[in-house]
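Undergrad: this is a predicted model, with the sequence first.
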Amino acid sequence: MKILVFGCGVIGSFLVHKLCEAGNDVTVVSRGKWKEVLSDKGLQIKHKLSGKITLDHPKVVETVPDSAAYDIVFSVMQGQQQQFLLPNLAKVNAPIIVLVGNNPCAAQMEKELLSLSPNTKKVLFGFQGTAGVRETDMVNCISLGSGSMTIGGLHQEPDITAKMSLLSAFGDSGYRLHWMDDMEGWLYCHAAFILPVVYISYRLNCDLTKASLDGMKEVLTAAEEGYKLVEHSGMKIRPKGDESFFNSSAKISAVNHLLYLMAKTSLGRLCATDHCRNAVSEMEWLDEQFELLKQSHPDFSMPVWDDLRRRMPEWKELHQTYDKEPGALSPAKADYANWMPKEMVTGSALGTGALLSAGLITAKKVTGNDSKIQKIGSGLLFAGALGCGAFTVYSIIARRAFSYDGERKLSKQIIDGIAEYVSIPDGGTCLDVGCGSGALTIACAKRNPNAFIVGMDHWGPEYRDFSKSLCERNAAAEGVTNIRFEYGNAVKLDYPDESFDTVTSNYVYHNIVGLDKQNLLLESLRVLKKGGTFAIHDLMDKNRYGDMQKFVRKLKMEGFEEVYLIDTTDKFFKSPQEAKLLMLGGSTLLYGRK
C-alpha cells in the first residue's frame, strides 16, 4: 500500500517503522536537519525495552506532489500544529486521513478538513502509546510489544472498508489496532488523565523522582474530577468500563502505587517528563482546551484539579525554562544518572517483600505433622528474603553514595580523579570506552578544551538510564562542544590501529562477562598511538583480571614506555573499607604511555 506520513518525531518514527516493516511503500514529509538525517542515514530507532536497533529507509519529501495519490495518510503532529496542517491534508488525494495524537478539538478539525477537501475523505482519529526522545541522528523509543493504536471516528468505529485498509497496512508486523466508537470522548478522557500528571511534573521541575505517594494520589483524584467533567459535558467515557474505575478503591490503590513506582524510575522520565520538557506548547494548548470545557460549566467544582494546576509555574515561565531552538539539546541541568539504577533498588525491595510474604504464608501452614520439605521451603524463603533484604540495604547505601545530587558525590569524585590523569595534546583526540552517561567524556573535554573527545558505548538494556541522547543533553547542559558520542563495542572497537592520542575508561570491562579482561585491555590499547597515554580504571582484582603485575611486564616488553598500576581504593574513596562496602574493592587505575 502507498502510505503518506506527516510528522516524524518519536511517535511518527515508530509508526513509520511498523508500516515499513509491514512492507508498505511509505513516504515521510519532513523538513530541516531531520529530513537530511532521514535521507542520508535512514530512520534509526533504538527500542528501549528490547534493546534492539532498527533501520528503515522510507521515501522522504519536503512537499507532497499534486499528482500523488495514497491509500492512507497519517498526520502525527502536536494538536496545535494539526490545525495549521489541515489545508495541506485536505489537498492530498487519499480516501482515509488519520489524525494521530492529543486532540480535544477533534470535532472542529473534522469539520474543517471535510469542508476544505475537494474529494470525499474518511477522517479518523488515533492515539499511539509511544514515548521517548529524538536525538540528533536517531530516535530513542519506548513502546510496549510491537506497538498499538486506539483508532476510530468522532462518534463511531471505522466502517468495514476502512478497517480492512488499516489492517492491511500493518499486515503481520504485530502492531495492534483497537477500534473505538467515540474518539472525541476518548481523547477528552485521555486529556483528563494526563493533564494532572503534566501539572505535577512542571511543579517538580520535570523531576518526578521527587513525587510522593500522596502526590500521585492527588493526581488520580484530579483525574477523577476531570472524568466527571467530561461525563457532565455530555460526552461518553471511553474506553468503556473506565466510568467505574474510580468506584474501585482497590484499582485506584493499585494504579496509585504503579504511578509512584514509574515516577521513581526512568519510565517516569520517558513517559511523562521528557514530553513535558520538549512539548510545552502542546501541553499549554491541551490545558487551554480543557479550561474552555471547564468554563462552559462554571458551576462544576474541581477543587483538587484547580489546586494542582495553580501550584505549577506560569506557562510563560515554563516556555522560558524549556523552550529551545529546533534541534537543540538543552536540559537545564546535566543528569549523569546513577551507577545503581532505581529499578534495581525497587526490584530488590519488592523481591524482599514478596519472599518474606511467601515465607510467612508458608510458615503459618506448617504444623507439627507437616513434612520436612514444607519447613525447609519456609526456611529457604526466609533466607532468600534475608539475602534480598541485605542487597536492598546495600543498593540504597550505594545509590546515595554515587548520586551527583547527594552529599557524598562518590561518582563525581572518581570521575574527576580519573580525569586528572587524562592529558591530551592540543589538537589531539581521546577515546572514552564505555562512556555511559558521558560523565568522564565531558570531564576530560573540560580539562582539555583544545582536544576532541569521542565517547563510545553500546548503551545496552542492562543500563537503561544511560543513552546516547542523555550524553548529548549532558554535553549541551555543560556547554561542552569539543565532543562526540557514538555507538560501538568494547570487545571489538571499530577504529583503526593507533587512532587516538589518549584512551580512557571507567568501570567498564568487569561488566563484560565471559571474556578475558586482559584481552579487552589490549583491544583498547590497540587504537592508541605510539607515545599516547592511557588511564583505564576498573575492578582489577585477581579473580577478574588475573595476574596484572605480569600483564604490566608484558606491556613493557612490547615497548610501552611507562605502565603503572595505581590502587585507587585509598585515593578516590575515604578508605579501602568504604570501597569494599560498596563492592568496589580492587578498584585500580592502569596508567601509562605507549
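TA: Looks like it arrived, so ask away. Numbering: from 1, shown residues only.

Undergrad: run a quick neighbour tally on Leu350.
TA: For Leu350, the number of neighbouring residues by other CB atoms under 10 Å comes to 13. Where C-beta positions appear, they are placed from N, C-alpha and C, glycine not excepted.

Undergrad: what about it, which SS state?
TA: With DSSP: H, G, I helix; E, B strand; the rest coil as the basis, Leu350 sits in helix.

Undergrad: look up how far His257 lies from it.
TA: The spacing between Leu350 and His257, counted by CB to CB, to the nearest Å, is 11 Å.

Undergrad: same check on Ala398?
TA: From Ala398 to His257 the distance is 24 Å (CB to CB).

Undergrad: looking at the two, which is more packed in?
TA: Higher neighbour count among Ala398 and His257: Ala398, with 21 against 13, using other CB under 10 Å.

Undergrad: can you tell me which residues contact the more buried one?
TA: 339-340, 582-583 (CB atoms under 8 Å, 6 or more residues apart in numbering).

Undergrad: try it again at 10 Å.
TA: For Ala398, the contacting residues are 338-340, 344-345, 391, 410, 581-584, by CB atoms under 10 Å, 6 or more residues apart in numbering.

Undergrad: tell me the one among those residues nearest to Pro87.
TA: Nearest to Pro87 among those is Asn338, at 48.4 Å by CB to CB.

Undergrad: so what's the backbone phi/psi at the closest one?
TA: Here is the backbone geometry of Asn338 (degrees, to the nearest 10): phi -150, psi 140.

Undergrad: pLDDT score for it?
TA: pLDDT, Asn338: 78.

Undergrad: what of Pro341?
TA: pLDDT, Pro341: 68.

Undergrad: likewise the one 3 residues further on?
TA: At Met344 the predicted local confidence, pLDDT, stands at 70.

Undergrad: how close does it sit to Phe402?
TA: Separation of Met344 from Phe402 (CB to CB): 12 Å.

Undergrad: the two: which is more packed in?
TA: Phe402 (21 against 16).

Undergrad: and that one, what does it touch?
TA: Going by CB under 10 Å, 6+ apart, Phe402 touches 336-340, 408-412, 414, 582, 584.

Undergrad: which of those are buried? Put it as a PyMOL command.
TA: In PyMOL syntax, the buried subset of those is picked out as below (16 or more other CB atoms under 10 Å):
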select buried, resi 336+337+338+339+340+410+411+412+414+582+584
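
Undergrad: thinking again about what came up before, can you tell me which two in the contacts of Ala398 are farthest apart?
TA: Phe391 and Leu410 (18.7 Å).

Undergrad: what mean pLDDT does the helix or strand where Gly126 lies have?
TA: Assessed by DSSP states H and E, Gly126 sits inside strand 122-128. For strand 122-128, the mean per-residue pLDDT is 97.

Undergrad: check stretch 525-533 too.
TA: Across stretch 525-533, the average pLDDT comes to 97.

Undergrad: extract the C-alpha set from it and format it as PDB.
TA: Extracted C-alpha coordinates of stretch 525-533, given in PDB (Å, rounded to 0.1, in the frame of the first residue of the first chain):
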ATOM      1  CA  LEU A 525      45.400  -0.100  23.800                       C
ATOM      2  CA  ARG A 526      45.400  -1.200  20.100                       C
ATOM      3  CA  VAL A 527      43.800   2.100  19.000                       C
ATOM      4  CA  LEU A 528      46.200   4.200  21.000                       C
ATOM      5  CA  LYS A 529      49.000   6.000  19.100                       C
ATOM      6  CA  LYS A 530      52.700   5.400  19.800                       C
ATOM      7  CA  GLY A 531      53.600   7.900  22.600                       C
ATOM      8  CA  GLY A 532      49.900   8.200  23.600                       C
ATOM      9  CA  THR A 533      48.700   8.000  27.200                       C
END
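
Undergrad: how far off centre is that stretch?
TA: Relative to the chain's own centre, stretch 525-533 is displaced by 35 Å; criterion: CA atoms, centre = their mean, to the nearest Å.

Undergrad: how about stretch 455-463?
TA: Between the centre of stretch 455-463 and the centre of its chain there are 13 Å (CA atoms, centre = their mean).

Undergrad: and that stretch, what's buried?
TA: Going by 16+ other CB under 10 Å, stretch 455-463 has these buried residues: 455-457, 459, 463.

Undergrad: hmm, back to that, anything in contact with each of Met344 and Phe402?
TA: Asn338.

Undergrad: can you list the weak-confidence ranges in the protein?
TA: 267, 270, 324-332, 341-343, 345-346, 359-375, 461-462, 464 (pLDDT under 70).

Undergrad: that one - how does it break down into domains?
TA: For the chain, the structural domains run 2-181, 186-322, 342-402, 410-593, going by automatic domain parsing.

Undergrad: who touches stretch 248-257?
TA: So stretch 248-257 is contacted by 213-214, 216-221, 223-224, 244-246 (CB under 10 Å, 6+ apart).

Undergrad: tell me what Val503 is bridged to.
TA: Beta-bridge partners for Val503, by DSSP bridges, are Leu431, Phe534.

Undergrad: surely it touches Val422?
TA: Yes - taking CB atoms under 10 Å as the definition, Val503 is a contact partner of Val422 at 9.3 Å.

Undergrad: between these two, point out the one with more neighbours.
TA: Shown here are Val503 and Val422; by other CB under 10 Å, Val503 has more neighbours (26 against 23).

Undergrad: contact partners for that one?
TA: 422, 429-433, 493, 521, 524-529, 532-536, 594.

Undergrad: the nearest residue to His47 once chain neighbours are set aside: what secondary structure?
TA: Leaving aside its chain neighbours, His47 sits nearest to Cys141 (5.8 Å; criterion: CB to CB, 6 or more residues apart in numbering). Secondary structure, three-state DSSP: Cys141 is strand.

Undergrad: who's in contact with Cys141?
TA: Per CB under 10 Å, 6+ apart, neighbours of Cys141: 10-11, 13-14, 17, 45-49, 54, 130-134, 147, 270.

Undergrad: neighbours of Ser348, how many?
TA: Here the number of neighbours of Ser348 (other CB under 10 Å) works out to 19.

Undergrad: my bad, should have said Lys542
TA: 10.

Undergrad: quick one: it from Ala535, how far?
TA: 21 Å.

Undergrad: over to Met180?
TA: For Met180, the distance to Ala535 - CB to CB - is 58 Å.

Undergrad: and if you look at Tyr564?
TA: Distance from Tyr564 to Ala535, by CB to CB: 10 Å.
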